[in-house]
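J.: sequence and predicted model, in that order:
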Amino acid sequence: MKTYPSIYNFHTQHKTIVTLGTFDGVHLGHQMIIRKLVAASSHLGGQSLVLTFFPHPRMVLKQDDSIKLLNTMDEKIELLEHYGLDHLVIHTFDTEFAKLSAEEFVRDILVKQFNIGKIIIGYDHRFGQNRTADINDLKIFGLKYGFEVEEISAREIDSVSISSTKIRKALDIGDMAIANEYLGYDYFFSGTVVSGKKLGRTIGYPTANIQIAEAYKLVPKNGIYIVSSIIDGQRISGMMSIGVNPTFDNHPHTIEVHFLDWEGDLYGRFLKIAIHERIRDEERFEAFELLVAKIRQDELLTRKYFLEHV
């Protein structure tokens, strides 16, 4: 898969089969669309192309900085690489791009820039300035400019939008079973190990303090989770605390992972953390001994999980 940082970096003499969208999460619904795209490109002898945008259009059009996304752009690229796509175009969404009329978008981007042979798109897709054009307009443009339009049905699109909503809601309440079911993989985030207060060492459970650079990345509800990471080529299991560690006063919000049966210096390392299951809420304990006893119970549950999910 070749990746391009702008529409205008892409050039081809081959006909392309195109789909477009934010594809946040690259979940089961998105995967269905992408497989349909790849199959169509193979059947027609063209090249598959996904057009996506960053920042998220809502961040620009509604100036909504509160929106949380399931993927960073690097994570989205990593996920899309598994589906046999030929091209991924990531275009900066800004107010100038939003001003393109529907026909300008079709003529200048899809036809002239992408050399489109076919587009696969949802029945409810709207595009162009103020999102005034719909699937019927796109079919008219297809006849005018010589490309095919394949409409994704209401049933298929509903499954995509329901999935996105359910995943975000599930993560907000810490329901990893639902989130991972709709994603089709275990939710993950990536970050750098930074220095923390080293409180875990004092109770026999040293932790890696993970800092996520992207403020828009959705972090699940505070609590204790079963996780794993690839460290030096090995899958290492662990348990993760998200929150303020209420037993310790004036503790900042952190993401801390204790890796089982592993020792070493992780400071400065960039780790990908896969989240498998949620164990419990955060709790405040009146004595460190009670906290340690609870963490030992968490450890037993974590070890049991990995014995059953080899």
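T.: Arrived safely, thanks for sending. A quick note: this is a predicted structure, and the numbers were derived from the prediction, not measured.
J.: show me where the stretch 51-200 of the chain has its helices.
T.: Per DSSP state H, counting those that start in this stretch, the stretch 51-200 of the chain carries helices over the ranges 57-61, 73-80, 95-98, 102-104, 135-145, 154-172, 176-183, 199-202.
J.: distance to His30, mean pLDDT and mean neighbour count added to those helices, as JSON lines?
T.: No exception for glycine: its C-beta is placed from N, CA and C like everyone else's. Compiled in JSON lines, the helices of the stretch 51-200 of the chain are given as follows (distance: least, CB to CB, whole Å; pLDDT from 0 to 100; neighbours: other CB atoms under 10 Å):
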{"stretch": "helix 57-61", "distance to His30": "16", "mean pLDDT": "70", "mean neighbour count": "16"}
{"stretch": "helix 73-80", "distance to His30": "9", "mean pLDDT": "95", "mean neighbour count": "18"}
{"stretch": "helix 95-98", "distance to His30": "22", "mean pLDDT": "84", "mean neighbour count": "12"}
{"stretch": "helix 102-104", "distance to His30": "24", "mean pLDDT": "92", "mean neighbour count": "16"}
{"stretch": "helix 135-145", "distance to His30": "19", "mean pLDDT": "93", "mean neighbour count": "16"}
{"stretch": "helix 154-172", "distance to His30": "7", "mean pLDDT": "80", "mean neighbour count": "16"}
{"stretch": "helix 176-183", "distance to His30": "10", "mean pLDDT": "95", "mean neighbour count": "19"}
{"stretch": "helix 199-202", "distance to His30": "37", "mean pLDDT": "61", "mean neighbour count": "15"}
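J.: which one of the ones you listed lies nearest to Glu308?
T.: helix 176-183 (14.5 Å; CB to CB).
J.: can you tell me which of the helices of the stretch 51-200 of the chain is nearest to Tyr225?
T.: helix 176-183 (7.2 Å).
J.: on contacts alone, who are the packing partners of that closest one?
T.: Here helix 176-183 touches helix 154-172, strand 270-280, going by 3 or more CB pairs under 8 Å, 6 or more residues apart in numbering; DSSP states H and E.
J.: let's go with 10 Å and repeat that
T.: Judged by 3 or more CB pairs under 10 Å, 6 or more residues apart in numbering; DSSP states H and E, the packing partners of helix 176-183 are helix 28-44, helix 154-172, strand 223-231, strand 270-280.
J.: mind putting those into JSON lines with distance to Gly204?
T.: Below are these laid out as JSON lines (distance: least, CB to CB, whole Å):
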{"stretch": "helix 28-44", "distance to Gly204": "40"}
{"stretch": "helix 154-172", "distance to Gly204": "30"}
{"stretch": "strand 223-231", "distance to Gly204": "16"}
{"stretch": "strand 270-280", "distance to Gly204": "18"}
